[in-house]
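**Student:** Provided below for reference: sequence and predicted model.
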Amino acid sequence: MINFDYSKPATIQNAIAALNKDATAQVIAGGTNLVDLMKRGVMNPEKLVDITALPMKSVEQKGNSFISVHWPSTAK
Amino acid sequence: VINFQASLINLFMSNDQEKEQPCNAHSRRSFLKRTTAAAAILATPPAVVKAAENKLDEKGAEYFEKVPLKIEVNGKPYSLQVEPRVTLLDLLREQLALYGSKKGCDYGQCGACTVHVDGKRVLSCLSLAVMQNGKKVTTIEGLSDGEELHPMQQAFIKHDGFQCGYCTPGQIMSAVACIKEGHATSDSEIREYMSGNICRCGAYPNIVNAIKEVATKGGVK
């Protein structure tokens, strides 16, 4: 696997800023559909932004196509 | 660079000329040695030679800094420095010398690398080590209570839940989590929730029996 920079922002604003800074940056949460592709060289991001520390609780499907992200009311 | 290559070729040739012997086989061997060495040097792109001179490789490695990682493995705390690309499986096997977790496919398809992170089963080959900061990892080595085997390990022995044993550490870690999750109430449910662990020997019926016994008798911590 080609090496990369890793960051774990704690706020949504910092995560967006980190993603905007680098065109090849990728979001990682579980990694089960990214790490395998990186091992094969299909994906070669120079930066991974770990979103597991963000104050988001869950992603839910509403109806057939709508997805909503829930986070505690303290998060901005 | 060209001067460097030329001087190397000269070196090879003069050395061989000095050692040249009348024996036919020997001179053929030295001829081959000489020509392949010369070809190898000529084939080396100047950029590579230059990179080696400048030690660019080492600079490249330094560019991606190692990240500090605090992790607890089998009850033992570790404070490490790892490259972001190191997977949890490689960390366990190559840096912590815990060879119980197996690298089967390395692409998250076989389940041989299954470990527990904070009590949940994960595929360590698809988990980056740096993402496990502050977490508690349990591998097959940490399952037994000293010399006393975990009930699931004992059940696998009793029911012959393996042949070659390569998938077994992953099967047992998955099996323990499967019961904890409450997904071991019937044969079909066990098979469904153990479907992430492949066994090429085909010991599935015995694995199901082992899990069923532990699930009904209890004993999973």
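**Tutor:** Alright, I've got the coordinates.

**Student:** Check for me that A:Ala15 belongs to a strand.
**Tutor:** No - A:Ala15 is assigned helix when assessed by DSSP: H, G, I helix; E, B strand; the rest coil, not a strand.

**Student:** Which of the helices and strands in chain A ranks last by mean pLDDT?
**Tutor:** Least confident helix or strand of chain A, by mean pLDDT, DSSP states H and E, is strand A:66-70 with a mean of 65.

**Student:** Any idea which residue of chain A lies closest to chain B?
**Tutor:** Taking Cβ to the nearest Cβ, chain B has its nearest neighbour within chain A at A:Tyr6, 3.7 Å off. Quick note: C-beta positions are derived from backbone N, CA and C, even for glycine.

**Student:** what about that residue, helix or strand, and which?
**Tutor:** Secondary structure from DSSP states H and E places A:Tyr6 in strand A:5-7.

**Student:** Just checking: what are the partner strands of that strand?
**Tutor:** When pairing is defined by DSSP bridges, strand A:5-7 lines up against strand A:47-50 (parallel).

**Student:** Heading C-terminal from the strand it pairs with, find the next helix or strand.
**Tutor:** Downstream of strand A:47-50 (by DSSP H and E), the next one is strand A:58-62.

**Student:** where in chain B is pLDDT low?
**Tutor:** Residue ranges of chain B with pLDDT under 70: B:1-64, B:219-221.

**Student:** change it to 50
**Tutor:** For chain B, residues meeting the criterion pLDDT under 50 lie at B:11, B:14-22.

**Student:** Pick out the residue of it closest to chain A.
**Tutor:** For chain B, Cβ to the nearest Cβ, closest residue to chain A: B:Pro84, 3.7 Å.

**Student:** Now for the closest residue to that residue other than its chain neighbours, how many residues are close by?
**Tutor:** Take B:Pro84 and drop its neighbours on the chain: the residue closest to it by Cβ to Cβ, 6 or more residues apart in numbering or on different chains is A:Tyr6, 3.7 Å away. Residues lying near A:Tyr6 (other Cβ atoms under 10 Å in any protein chain shown) number 20.

**Student:** A:Tyr6 pairs with what?
**Tutor:** A:Leu48.

**Student:** I'd say it and A:Leu48 touch.
**Tutor:** Yes - here A:Tyr6 reaches A:Leu48: they are 5.2 Å apart, a contact under Cβ atoms under 8 Å.

**Student:** what is in contact with those two at once?
**Tutor:** In the contact map built from Cβ atoms under 8 Å, 6 or more residues apart in numbering or on different chains, the residues linked to both A:Tyr6 and A:Leu48 are B:Pro84, B:Leu128.

**Student:** before we move on, back to that, and the residue of chain A closest to chain B, what does it touch?
**Tutor:** Counted by Cβ under 8 Å, 6+ apart, A:Tyr6 has contacts A:Lys47, A:Leu48, A:Asp50, B:Val67, B:Pro84, B:Leu128, B:Val130.
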